[in-house]
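Chemist: Please find the sequence and the predicted model below.
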Amino acid sequence: MPPPALTTVRARTLFTPLDTGGRADTVTRRLANAIRLGLLLDGERLPAESQLAGQLGVSTVTLREALATLRTMGLVETRRGRGGGSFVRAPDDADRLERPLRLLSLHELRDIGDHRAAIAGTAARLAAERALVSDVRTLRGHAERLRGATALTDRRRADARLHIEIAATAQSPRLTRAEMDLWSEIGDLVWLPMEGRDVTAAARDHDLLIGAIEARAPERAREIAERHVAAETDRLLDLRLSLHGR
Amino acid sequence: MTVQVTSGPAVLRGGEHLLADITATIGRVMGSVTEVGAAMTALAAAARAGRRPLRRADLAALRPLVAQVLARHRGFAAGAGLVLAPDALADAPRCIDWWWADRGSGPGQLEVDLDPASAEFYDYTTTEWYNEPARTGQPCVAGPYVDYICTHEYTFTVSVPMVDGGRFVGVAGADILAGEVERMLLPRLSLLGRDGRPAVLVSGNGRVIASSTARILPGTVLRSPGTTTAAGRLPWMLISEPEPAAWRRQAKARAAMRRPDSCAPFTGGSLAAHQRISTRKL
């Protein structure tokens, strides 16, 4: 099975359709989350299209659109003929972890970490120099949203959003774009489910970082951001090493 | 928008002209945006009079006006549109009808995630350009800020409140690239600033918009008593300093203090020590 498509925050933010497509997207998200969370089991047959559309309160056209997206994401498989229909294809956690990670060498992972540290560290330092009280409020709002997110994909996106917002607080469109590009590239890796990411440690880092920005302590903010990235990079390096030889 | 000229007598005349010009330029965009807002308000009033619910499809009638804003201010207004208050429309809890300027194939529509349950929920009600007009009932010039939703650049957003029968129904607005504003200001700002006396234009919350010295850069914050000025009426202040070294000394002192909300005055005195020259209404 191919790894799930990397959806960039920017693409999702910019290209989520507003009208009928917005509903299809909501349906896609709901079904995808249900599959990823194991509420819908691997191999399970989805109800007939008209029935499922009725249950979700959308038109069959909208449902078909959502199913087409889920098929390209590899989360649903449609078989024709007798005994056919749409079937759930639950992603195998190990598979989802290993494929993208196996593609990266240790030096590539280290290099991604170096790049992230450079961007996040500088963004944090400049944000601490340039943040207004209202900016700090916005950052806390995003940290809160991340804390409240439970689904893996939601956490990944909320995490990305918080770091992008810090770069925006640095008043730098270039650093902001760099964070967006980095998160679209490595966001899925950072939030890989295996071994579990220490959610509490990440939240503590974020609180400390926002605290340093609020206190206008540029060097402390940079240090915390770099340490935060280093911890995430170390975890990925350990995971990559554990795959070695398997 | 209120613009204050705060300066010593030496830069008085030129400073006034510079502020008058940039105020007029932004005022013209604000005027166009106000037309869009008025049309939307009329639409809401007509729906109310006819006891019809206001729907998202109704907004299509306003798109020619939005396109006109972009055409009229081509090269200056990078985006424009309408943002509706939650529950202003009968068939959409939240709605953004925002367009960016022509990139070869006509205006493009901004699409954002407005589902509050989504991790990528774009909550426009917390933005300065929405919140200030909603709160004060006054037009607003928000920014400069990094707009990673629409322009992806350093941006100002001008916005006007839309009120129907006493009810706030949203804002009409336009995005202006900060680089364009600086391009207009810089030649004359450089003339105003002289050796040892840089001229600096700051927004109401102390963010530097443009400056005649490389030592005080756009996007940085000058923490001053001016930050407490009433919001909604955005005061831009033109500041001329006789002693650039004093700024650096203060920056160091501030860094040493590291108090979250300390507001150091611009120089040894308070802002009141400056001579307030004029106030303009936009």
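Modeler: Everything's here; your move.

Chemist: Who are the contact partners of the residue nearest to the spatial centre of chain A?
Modeler: What sits nearest the mean C-alpha location of chain A, by CA atoms, centre = their mean, is residue A:156, with 2.8 Å. Shown in contact with residue A:156 (CB atoms under 8 Å, 6 or more residues apart in numbering or on different chains): A:187-188, A:190-191, B:119. Where C-beta positions appear, they are placed from N, C-alpha and C, glycine not excepted.

Chemist: can you put the residues you listed in JSON lines and add neighbour count, distance to residue A:231 and secondary structure?
Modeler: As requested, the contacts of residue A:156 are arranged in JSON lines below (neighbours: other CB atoms under 10 Å in any protein chain shown; distance: CB to CB, whole Å; DSSP: H, G, I helix; E, B strand; the rest coil):
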{"residue": "A:187", "neighbour count": "20", "distance to residue A:231": "16", "secondary structure": "helix"}
{"residue": "A:188", "neighbour count": "21", "distance to residue A:231": "18", "secondary structure": "helix"}
{"residue": "A:190", "neighbour count": "21", "distance to residue A:231": "11", "secondary structure": "helix"}
{"residue": "A:191", "neighbour count": "19", "distance to residue A:231": "14", "secondary structure": "coil"}
{"residue": "B:119", "neighbour count": "23", "distance to residue A:231": "22", "secondary structure": "coil"}
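
Chemist: Please verify my assumption that residue B:145 contacts residue B:128.
Modeler: Yes - counting by CB atoms under 8 Å, residue B:145 does reach residue B:128; the two are 7.5 Å apart.

Chemist: residue ranges for the strands of chain B, please.
Modeler: B:2-6, B:77-84, B:95-100, B:108-109, B:140-146, B:154-164, B:167-177, B:199-202, B:208-211, B:236-240, B:276-281 (DSSP state E).

Chemist: Out of the ones you listed, which is closest to residue A:161?
Modeler: strand B:140-146 (13.4 Å; CB to CB).

Chemist: Give me the below-cutoff pLDDT ranges for the chain.
Modeler: Let's take chain A. A:1-21, A:36-39, A:92-97, A:99, A:193-197, A:244-246 (pLDDT under 70).

Chemist: think we crossed wires, I meant chain B
Modeler: B:1-14, B:103-105, B:119, B:195, B:223-235, B:241-282.

Chemist: Give me every residue in it lying close to chain A.
Modeler: Chain B comes close to chain A at residues B:96, B:109-115, B:118-123, B:126, B:128, B:144-146, B:148-149, B:152-154, B:205-207, B:219-221, B:254-255, B:258, B:260-261, as judged by CB under 8 Å from any CB of the partner chain.

Chemist: What's the separation between residue A:177 and chain B?
Modeler: Separation of residue A:177 from chain B (CB to the nearest CB, to the nearest Å) stands at 7 Å.

Chemist: So that residue sits against residue B:153, correct?
Modeler: No - judged on CB under 8 Å, residue A:177 makes no contact with residue B:153 at a distance of 9.8 Å.

Chemist: Please identify every residue contacting each of these two.
Modeler: Common neighbours of residue A:177 and residue B:153, using CB under 8 Å, 6+ apart, do not exist here.

Chemist: and residue A:215, what are its phi and psi?
Modeler: For residue A:215, the backbone dihedrals (degrees, to the nearest 10) come out as phi -80, psi 0.

Chemist: In terms of neighbours, single out the busier of residue B:145 and residue B:128.
Modeler: residue B:145 (23 against 20; other CB atoms under 10 Å in any protein chain shown).
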